[in-house]
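> Give me a model of this one.
(one chain, ligands or ions: 1)
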Amino acid sequence: MMDRNADAPWSQFDPEVYVDLNYRTPLEVDLLIVRLMRDHFSSCFARGVPDSMRGVDVGAGANLYPGLAMLPWCEKIVLLEYAQPNVEYLERQTAPEGYDEAWDAFWNELSEAPAYADVKPRDRISEIVRVERANLLDLDGQRRWDIGTMFFVADSMSECPDEFRRGVRCFMDVLNEKAPFAAAFMKESAGYRVGEHWYPAYRVNEDQVRESLEPFTSELEIHDLHHVVRPGHEGIILALGRRNSEVVAP
Ligand SMILES: C[S@@+](CC[C@H](N)C(=O)[O-])C[C@H]1O[C@@H](n2cnc3c(N)ncnc32)[C@H](O)[C@@H]1O
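Residues are numbered from 1 along each chain as shown. Model prediction:
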């Protein structure tokens, strides 16, 4: 029996343990991802930033860096997340008191680029970011955003190939035409443990990521990063691109 998204213990997800495992000590691969994403967004807006841009991070979980990467470009950002403990974590991180020091290392990388240099991230996050509980698989494209990120979600929420593809489609369907996006996937993940609980994954490689995204994209650049951060996967795949204008049948 394959574990479906609805079967996993999301209500038991422990964000502090997850941050300890993944982000408290910044890994070289995440810093590399942050630089690549920063440069992608910067080049998308090299000729100016459209007015009143809205950003979304889907399945934001206990990771603030995709949201930080969207900060200079947006008037508003929504962090969508399904697991209640992660929603509460994100609410604390975006409160006026300011986010944890753990995220400073990622902002340091971002602030090397001109668009980020003058932003005060703690003030700006609490001003423009809102957290909302939502199920990615229920997003139906009714609401749309101008820039978006999805990090380790479509591949890290179910063992089922159909839910992986549906997760990618639901993400791409909330993006407006030409919206820049960044999406990351664990390569060949066999699932992952957070504290006492085990979470499912669908094993993907570069080809599957490309196939799933291509119908929705005009520009698409895939980085196959060979960094292994724990047992049970083979690297990280980072996809950077822009939403195309085609209407794709489900
Ligand atoms: C591996 S974590 C990734 C978290 C974070 N984006 C990161 O980069 O570290 C997977 C995330 O997907 C969320 N998730 C699982 N199923 C979801 C669903 N149906 N809709 C939205 N988020 C979901 C989990 O709660 C968790 O935060």
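
> Which residue, neighbours along the chain excluded, lies closest to A60?
L79 (3.9 Å; CB to CB, 6 or more residues apart in numbering). All C-beta atoms are positioned from the backbone trio N, CA, C, and that covers glycine.

> measure that neighbour to V56 for me?
8 Å (CB to CB, to the nearest Å).

> Just the helices from the protein, written as ranges.
Taking DSSP state H to define them, one finds helices in the chain at 15-22, 28-44, 65-70, 84-93, 104-110, 114-117, 121-128, 161-173, 206-213.

> List the contacts of A190.
A201, R203, G232, H233 (CB atoms under 8 Å, 6 or more residues apart in numbering).

> Show the buried residues in these.
Neighbour-count burial (16 or more other CB atoms under 10 Å) is assigned, among these, to A201, R203, H233.

> Can you tell me which of these is nearest the ligand?
A201 (8.2 Å; CB to the nearest ligand atom).

> I figured the closest one hits M186, correct?
Yes: between A201 and M186 a contact is recorded at 6.4 Å, counting by CB atoms under 8 Å.

> Quick check: the gap between the closest residue to R122 other than its chain neighbours and S126.
Excluding its sequence neighbours, the residue lying closest to R122 (CB to CB, 6+ apart) is G98, at 4.0 Å. Distance of G98 to S126, given as CB to CB: 7 Å.

> Quick check, pLDDT for the residue of the chain found nearest the ligand.
Distances between the chain and the ligand by CB to the nearest ligand atom are smallest at G61, namely 2.5 Å. G61 carries a pLDDT score of 98 in this model.

> just V17 next, same as before
98.

> Spatially nearest residue to it (excluding sequence neighbours)?
Nearest non-adjacent residue to V17 (CB to CB, 6+ apart): G195, at 4.3 Å.

> Distance-wise, check the one you found relative to L136.
Distance, G195 to L136, by CB to CB: 23 Å.
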